[in-house]
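Student: sequence unknown, structure follows:
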């Protein structure tokens, strides 16, 4: 797996093949051969590669789970990620879930919840109905706030990964690992945007999308479904009232309760007929004057995946692996794993 690890660390460092080749003193074609697995460099070159990429030689030698079959959703055609960044996202997903499934295999496949079936929900022309169907898909109540969405998805058999990528143009992607759905999201987003992205990607793999629907239409609908999924119409009208003439600060309380940004709440209020088009438009004009949605203040705690660390800590505590191996799997300090693997009261 040297070739896969080399490509992963090169992309993680945002190096082109040419740049890495010049740092190491080999040709660009040599890097291509190393990453394709056609050739393997000798140890002096491997050491130079490790130095250039700021990793240990042993990082190149970490095995990958060859029994995993990945299927990645295509990136949006008008997205802001270049090809190298797209490759990095895919490589990061595969590297992460290779470590994840090593912990699963240590404990037995039964530790994972049954995976939901993908592309099975009929798509309606009505956004509110689609949001209800998405809630039913996850066996949730048809109204009320959705709590920690990331942990909820993990408990429903959906794998979640937070990828560290400095690009506002990337929110998330979905796909499957051995037919089990996954969602990868950009960790450098607000907690509210992260929840909206989870709902958006969930809609992508839950519904049966018509082949003739163009990409822009599909994206708009998935975004609208996500908003209605997080804040159903019945809740919007109960919380806001059936009619409002303006946007007031009391609405921040509803944002916190439902885990959504004010911009999403305003759009939901418009779509549900609570505010008119003019009120909505004026809000976004004022928002754009202050930097737009990217500068909206986050008002809720950040959600994080918990399944992977739980599996690793369990494997350590059941003496399936050492603390050091647990730290390697989670890529965190030894002490952090040790603190989660001691006797209660110790």
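Tutor: Received it, and whenever you're ready, just let me know what you need. Small disclaimer: the values here were computed from a predicted structure and weren't measured.
Student: could you find the closest non-adjacent residue to residue 317?
Tutor: Leaving aside its sequence neighbours, residue 317 sits nearest to residue 341 (Cβ to Cβ, 6 or more residues apart in numbering; 5.4 Å). C-betas here are computed from N, CA, C, even on glycine.
Student: in contact with that neighbour, which residues?
Tutor: Residues near residue 341 by Cβ atoms under 8 Å, 6 or more residues apart in numbering: 313, 316-317, 323, 326.
Student: quick check: it vs residue 112, distance?
Tutor: Plainly put, residue 341 is 21 Å away from residue 112 if you go by Cβ to Cβ, to the nearest Å.
Student: and if you look at residue 285?
Tutor: Noted for residue 285: a distance of 47 Å to residue 112, by Cβ to Cβ.
Student: could you list the buried residues of the longest helix seen in the chain?
Tutor: Longest helix of the chain, by residue count under DSSP state H: helix 83-107. By neighbour count on 16 or more other Cβ atoms under 10 Å, the buried set for helix 83-107 is 85-86, 88-104, 106-107.
Student: do stretch 179-186 as well
Tutor: 180-186.
Student: who's in contact with that stretch?
Tutor: So stretch 179-186 is contacted by 69, 89, 92-93, 97, 112, 115-116, 118, 153, 157-163, 165, 167, 170-176, 194, 197-198, 201-202, 205 (Cβ under 8 Å, 6+ apart).
Student: and those, which are buried?
Tutor: 89, 92-93, 97, 112, 115-116, 118, 153, 158-163, 165, 170-176, 194, 197-198, 201-202, 205.
Student: quick one on the thing from earlier: tell me which of the contacts of stretch 179-186 fall in strands.
Tutor: Judged by DSSP state E, these include 159-163, 172-176 as members of strands.
Student: next, give me the two most distant ones among those residues.
Tutor: Across those, the longest distance by Cβ to Cβ is 18.2 Å; it joins 162 and 176.
Student: OK, contacts around residue 260?
Tutor: So residue 260 contacts 192, 195-196, 227, 230-231, 268 (Cβ under 8 Å, 6+ apart).
Student: go again using 6 Å as the cut-off
Tutor: The contact partners of residue 260, by Cβ atoms under 6 Å, 6 or more residues apart in numbering, come to 192, 230-231.
Student: so which of those are in helices?
Tutor: 192, 230.
Student: closest to residue 50 among the contacts of residue 260?
Tutor: Once Cβ to Cβ is applied, the member of the contacts of residue 260 that ends up nearest residue 50 is residue 192, at 39.5 Å.
Student: tell me the pLDDT of that closest one.
Tutor: Per-residue pLDDT puts residue 192 at 97.
Student: where does this protein have low pLDDT?
Tutor: Low-confidence segments of the chain (pLDDT under 70): 77-78, 109, 292-294, 343-346.
Student: secondary structure element for the most far-flung residue of it relative to its centre?
Tutor: Computed with Cα atoms, centre = their mean, the residue of the chain farthest from its C-alpha average is residue 44, at 37.3 Å. Assigned by DSSP states H and E, residue 44 belongs to helix 43-53.
Student: which residues touch that helix?
Tutor: 9, 13, 23-24, 57.
Student: so how do I select the buried members of the contacts of residue 260 in ChimeraX?
Tutor: Buried members of those, defined by 16+ other Cβ under 10 Å, are picked up in ChimeraX with:
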select :192,230,231
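Student: in a markdown table, list the contacts of residue 260 along with distance to residue 261.
Tutor: What follows is the contacts of residue 260, written out as a markdown table (distance: Cβ to Cβ, whole Å):
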| residue | distance to residue 261 |
| --- | --- |
| 192 | 4 |
| 230 | 10 |
| 231 | 11 |
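Student: wait, doesn't residue 113 sit right on residue 157?
Tutor: Yes. With contact defined as Cβ atoms under 6 Å, residue 113 counts as touching residue 157 (4.1 Å).
Student: circling back: any idea which of the ones in strands among the contacts of stretch 179-186 is the one closest to residue 241?
Tutor: Distances from residue 241 to the ones in strands among the contacts of stretch 179-186, taken by Cβ to Cβ, are shortest for residue 172, at 32.9 Å.
Student: do you know how far that closest one is from residue 43?
Tutor: 39 Å.
Student: do the same with residue 275
Tutor: 67 Å.
Student: of these two, give the one with the bigger neighbour count.
Tutor: residue 275 (22 against 8; other Cβ atoms under 10 Å).
Student: ok, and the closest non-adjacent residue to that one?
Tutor: residue 269 (4.6 Å).
Student: what's around the residue nearest to residue 69 when sequence neighbours are not counted, how many residues?
Tutor: The spatially closest residue to residue 69, leaving aside those adjacent along the chain, is residue 178, at 5.5 Å (Cβ to Cβ, 6+ apart). By other Cβ under 10 Å, 14 other residues sit near residue 178.
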